[in-house]
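K.L.:
Okay, predicted coordinates and the sequence, questions at the end:
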Amino acid sequence: MSLTLRKDLDRRDVVFDHDFIFKTHDYVNSHSLITRYRGTVCTPADHGVIVTAWQKSVYRFGYFPLEETVVATVMVRRDGTVHGLSLDERSHGGLGPMCNFRQLSRMMNRLLRGTVFADFLRTCPTAGVADCLHLFEVLSAAASFYAHLRERGMESGAEEELLNIRPKRDAIVSTNERCVLGEEQRMELTLRHIRPFQLSRESLPQQLDSVLSVRCDGRDAFEEAIHAQNFHAVYGQMNRVLAKVNRLEKEAFRVRGRMRFTNATSFVGLMLLTLAHESMRVLRAPRILLTLSFLQVGGARPGCIAFCALQKPLRKLKKS
């Protein structure tokens, strides 16, 4: 098996040089609608461990790609407490001032300063508590991988993951490549439409008759039909399928407990965005914002601070 992740880079250097994350490299597939590249590197230091984590999302919803990149460094003492934090000043989300470096840095300090890093998901269980979905994804993945290393009695190690989602005729195909502590895995997920799906006013699937097939390292893993007549059923069934994918990952890499260093936790939302995009013919950018807003704050959980700020103008757009 050959990953498209670049093998000529020493991942330990990411502690000092983040350029390969911010620059466009071979991992960005121009034929993909969504690309998500993420990873974590833990490096021993005199005081304990330096944890560097990143996530780069590239969305091609219009004429120009939208990139959202966050690179965070957390310095953890040998007793597991956080004593130093830094955020690459180029880090940003996709919603302007509410997602810029200054805002992300402030939220990161509020969330982590003086805490036990391995317990991050207990003190910050949702993106609503973090006030930022992408920052929450990066920090929860880093804390989860750090805890996995400690479970194995290790202080150093790296994990990396590359997700590409591309629509095809009557199907959506996703490839997810990853390397955890030198062990590689490649998953292919194909959502084949039995009949055309229907969307709600929020551009979310309210009727879906499809089959989701999963292949792992070139072999068929499982296949499951999704027959749903409303959005909540679609969301629930897809989450159930992706829980199976997450279990396959945990078994492959021998992870115990919760595994947050994975794209599987975000895959349902990314797939729903792909479905929404494929059905749109006009006003794609603002309609995608409506879809994102509904995914974040349309349910019971609170959304990130930027989407909460966007609610008022988005409601006006929705009425139009």
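P.N.:
Cool, the structure landed.

K.L.:
Specify the local secondary structure of residue 128.
P.N.:
Classification of residue 128 using DSSP: H, G, I helix; E, B strand; the rest coil returns helix.

K.L.:
how much space between it and residue 184?
P.N.:
Distance, residue 128 to residue 184, using C-beta to C-beta, to the nearest Å: 34 Å. In this view, the C-beta of every residue, glycine as well, is placed from N, C-alpha and C.

K.L.:
what do you get for residue 261?
P.N.:
From residue 261 to residue 184 the distance is 15 Å (C-beta to C-beta).

K.L.:
which of these two has more neighbours?
P.N.:
Set side by side, residue 261 and residue 184 show more neighbours around residue 261, with 27 against 15, by other C-beta atoms under 10 Å.

K.L.:
what number of residues lie near the nearest residue to residue 155 once chain neighbours are set aside?
P.N.:
Sequence neighbours aside, residue 44 is the residue nearest to residue 155 in space, at 4.6 Å (criterion: C-beta to C-beta, 6 or more residues apart in numbering). Residues lying near residue 44 (other C-beta under 10 Å) number 12.

K.L.:
which residues does residue 44 form a beta bridge with?
P.N.:
Here residue 44 sits in beta bridges with residue 49, as judged by DSSP bridges.

K.L.:
In contact with it: list those residues for me.
P.N.:
Neighbouring residues of residue 44 by C-beta atoms under 8 Å, 6 or more residues apart in numbering: 50, 155-156.

K.L.:
want to throw these into TSV with distance to residue 164?
P.N.:
As requested, the contacts of residue 44 are exported to TSV (distance: C-beta to C-beta, whole Å):
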residue	distance to residue 164
50	29
155	32
156	29
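
K.L.:
and these as CSV, adding pLDDT?
P.N.:
Listed next are the contacts of residue 44 as CSV, based on pLDDT from 0 to 100:
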residue, pLDDT
50, 93
155, 88
156, 89
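
K.L.:
so where's the stretch 51-200 of the chain uncertain?
P.N.:
For the stretch 51-200 of the chain, the stretches with pLDDT under 70 are 62-64, 94-98.
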